[in-house]
Structure formats: structure tokens, C-alpha cells
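A.B. asks: How does the following fold in three dimensions:
(one chain, ligands or ions: 2)
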Amino acid sequence: DGHVRFEDVRFGYENERSILNGIDIDVPAGSTLAIVGPSGAGKSTIARLLYRFYDLSGGRITIDGQDIAHVTQASLRAAIGIVPQDTVLFNDTIGYNIGYGRAGATAEDIRAAAKGAAIDRFIDILPQGYESEVGERGLKLSGGEKQRVAIARTLLKDPPLLILDEATSALDSRTEAEILDTLGAVSARRTTITIAHRLSTIVDANQIIVLEAGRVIERGTHAALMARD
Ligand code: ADP
Ligand code: ADP
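C.D. replies: Numbers count the residues shown, from 1 in each chain. Ligands and ions are numbered 1, 2, ... in the order given. The predicted structure follows:
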């Protein structure tokens with residue numbers, strides 16, 4: 001599950017200017033796609049269209065063969081997990097932040113769920129425990145620690161499709177590599193779309209597309225694109 005296709009997708013905000021000019025993407029279930037390109041190329045827009053924040057001007061997007069125009073927003077939200085660049089945490093415990101939406105769950109319940117989903121290593125590496133208060137009134141987490149919490153929160157929902165929208169771009173390269181490594185280990189067979197500014201931050205992906213001004217200007221494997229640079 002989690003086979004994503006874009007077929008000649010066209011889009012412009014408020015129909016003024018075209019932002020995406022005929023995008024074709026095929027991400028087989030369980031594979032990884034990296035989208036790289038300069039700021040303003042349309043990368044985040046692709047993520048927003050998958051979530052159906054906006055309607056397309058042309059073409060179609062399917063998930064497992066189903067046109068998302070005919071899928072309810074609720075089921076899209078269940079199917080897609082997005083980790084943004086800047087995570088805002090609730091002024092509550094780490095456990096609450098990870099288990100957000102699980103009404104009545106205690107920190108212990110969340111810890112057990114995280115262990116069951118094999119994502120406890122995102123959190124166990126933190127010096128703070130599940131019951132530590134974080135946010136404005138509690139402990140201040142580093143950017144990398146916050147992103148670990150954000151990724152764990154998203155993975156706990158076990159979405160077939162995971163989108164990392166510049167999720168590790170703001171981190172130093174060592175922290176970024178550590179997080180991506182953990183993610184690779186716990187989420188190896190999930191369809192994953194990674195959005196990044198630079199090719200150099202893409203460690204591994206089954207396919208990479210380079211987006212510029214709303215067009216795919218290059219596609220290939222990491223090795224092939226690096227060799228061309
Ligand atoms: P990227 O993620 O590659 O930096 P975006 O998808 O965020 O690019 O933006 C693509 C283009 O769409 C940019 O020119 C941006 O200014 C424009 N844009 C983004 N969001 C909106 C919006 N809500 N309304 C109008 N234009 C937007
Ligand atoms: P980010 O790059 O942090 O995801 P956005 O994608 O929301 O931010 O915005 C990207 C660019 O699109 C920015 O330059 C922003 O000024 C512009 N933008 C965002 N919303 C709108 C909008 N409603 N109308 C026009 N431009 C917008």
C-alpha cells in the first residue's frame with residue numbers, strides 16, 4: 001500500500017500563475033522518492049496537493065489507484081503523515097506530544113505503543129523521558145530532539161505514506177544523518193517522499209527528481225545525478 005502517482009499534474013494558486021506545469025511521478029508502494037530543487041520550485045506544493053489542501057488545475061493524483069479527488073479528507077489524513085521543518089510542541093509531556101490524539105492514554109501507554117511500533121529508539125535516545133514536560137514552560141529541546149518527537153508522533157499513526165518536508169534541513173549534518181539512519185531502520189518498507197533543498201542531503205532514495213520552476217528537469221538515482229553534477 002502507498003503507491004503514489006502524479007499524472008500530468010498542473011496547479012496554480014488562485015489560478016494566477018502556474019506553479020506546477022505537468023508533473024509525472026510514480027512512487028511504487030514501499031519505495032522512496034526524493035524531491036530536490038531551489039526554494040520556490042514547488043516542492044511543498046506537491047505535498048499540499050497530496051493532502052488535498054487545494055484542487056488541481058489539471059491531471060490527477062492517485063494513491064493505490066484511487067483518484068484522491070474522490071477520497072475523503074479524513075482518509076487522506078489517515079493515509080499520509082507529514083513531518084514539517086519546524087515542529088511546534090504542545091506545552092505538555094513528550095509522551096503526550098507523541099501520542100497526541102490518543103485520548104486518555106498515559107505516558108506509559110504511549111511508551112508501550114512506541115515500543116510496539118519499534119519507534120521507541122527515536123525517543124529513548126533523548127536524555128528526557130516520556131514524562132518530561134517540554135515546550136514554553138518545560139524543557140527546551142534542541143531542533144534535532146524536536147524533530148525526533150515529530151517523527152515519532154507521525155510514525156505512531158503508522159501512515160502508509162510518509163512525507164518529510166525539509167524535516168531535517170535545518171539540522172547540522174551529523175544530527176540529520178543520525179535521524180535519517182534511525183528512520184531508515186524503523187520505516188524501511190513504507191512509501192516515503194523526502195523534500196530537500198540540496199541533493200547532498202539526500203542519503204538514499206530509490207529515485208530522485210529535480211524540480212525547477214514547477215517542472216521536473218532531471219530524474220535518476222543518487223549516483224547518476226551526483227555524477228552529472
Ligand atoms: P518550495 O517548497 O519548492 O520552496 P513552494 O511549493 O512552497 O516551493 O512554492 C512554489 C511557488 O508557489 C512559490 O513561487 C511560492 O511563492 C508560491 N506559493 C506558495 N504558497 C502559495 C500560496 N499559498 N499562495 C500563492 N502562492 C504560493
Ligand atoms: P515554506 O517555504 O516555509 O513552506 P510557504 O510554502 O508557505 O513557506 O511559502 C513559500 C513562499 O510562498 C513564500 O515566499 C511566501 O511568501 C509565499 N506565499 C505563501 N503564502 C502565500 C500567499 N497566500 N500568497 C502569496 N504568496 C504566498
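
A.B. asks: contacting residues for the closest residue to Ile208 other than its chain neighbours?
C.D. replies: Excluding its sequence neighbours, the residue lying closest to Ile208 (C-beta to C-beta, 6 or more residues apart in numbering) is Ala34, at 4.5 Å. The C-beta positions use only the backbone N, C-alpha and C, and glycine is treated the same way. For Ala34, the contact set (C-beta atoms under 8 Å, 6 or more residues apart in numbering) comprises 193-196, 202, 205, 207-209, 222.

A.B. asks: ok, which residues in this structure are in contact with ligand 1?
C.D. replies: With C-beta under 6 Å from any ligand atom as the criterion, the chain comes near ligand 1 at residues 13, 19, 37, 39-45.

A.B. asks: returning to that earlier point: what would the contacts of Ala34 look like in CSV with neighbour count?
C.D. replies: Converted to CSV, these look like this (neighbours: other C-beta atoms under 10 Å):
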residue, neighbour count
Ile193, 25
Thr194, 26
Ile195, 24
Ala196, 22
Ile202, 18
Ala205, 19
Gln207, 17
Ile208, 24
Ile209, 22
His222, 16
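
A.B. asks: Just give me the closest of those to ligand 1.
C.D. replies: Ile195 (6.7 Å; C-beta to the nearest ligand atom).

A.B. asks: The helix or strand where that closest one lies packs against which elements?
C.D. replies: With elements taken from DSSP states H and E, the one containing Ile195 is strand 191-196. Packing contacts for strand 191-196, counted by 3 or more C-beta pairs under 8 Å, 6 or more residues apart in numbering; DSSP states H and E, involve strand 32-36, helix 43-50, strand 161-165.

A.B. asks: Make JSON lines from those and add mean pLDDT and distance to Glu176 to it.
C.D. replies: Converted to JSON lines, those look like this (pLDDT from 0 to 100; distance: least, C-beta to C-beta, whole Å):
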{"stretch": "strand 32-36", "mean pLDDT": "94", "distance to Glu176": "13"}
{"stretch": "helix 43-50", "mean pLDDT": "95", "distance to Glu176": "17"}
{"stretch": "strand 161-165", "mean pLDDT": "94", "distance to Glu176": "11"}
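
A.B. asks: Of those, which is nearest Thr87?
C.D. replies: With C-beta to C-beta as the measure, strand 161-165 is the member of the helices and strands packed on strand 191-196 nearest Thr87 (11.2 Å).

A.B. asks: tell me what the helix or strand containing Ala224 is packed against?
C.D. replies: Element membership for Ala224, per DSSP H and E: helix 222-228. Secondary structure elements in contact with helix 222-228, counted by 3+ C-beta pairs under 8 Å, 6+ apart, are strand 207-212, strand 215-220.

A.B. asks: Can you give the strand pairings for the first one, parallel or anti for each?
C.D. replies: The partner list of strand 207-212 in its sheet, established with DSSP bridges, is strand 32-36 (parallel), strand 215-220 (antiparallel).

A.B. asks: so which of these gets nearest Ser57?
C.D. replies: strand 215-220 (14.8 Å).

A.B. asks: Can you give me the distance of Glu217 to Arg102?
C.D. replies: Quick fix: residue 217 reads Ile, not Glu. Here Ile217 is placed at a distance of 43 Å from Arg102 (C-beta to C-beta, to the nearest Å).

A.B. asks: So between those two, which is more surrounded?
C.D. replies: Between Ile217 and Arg102, counted using other C-beta atoms under 10 Å, the more crowded position is Arg102 (15 against 11).
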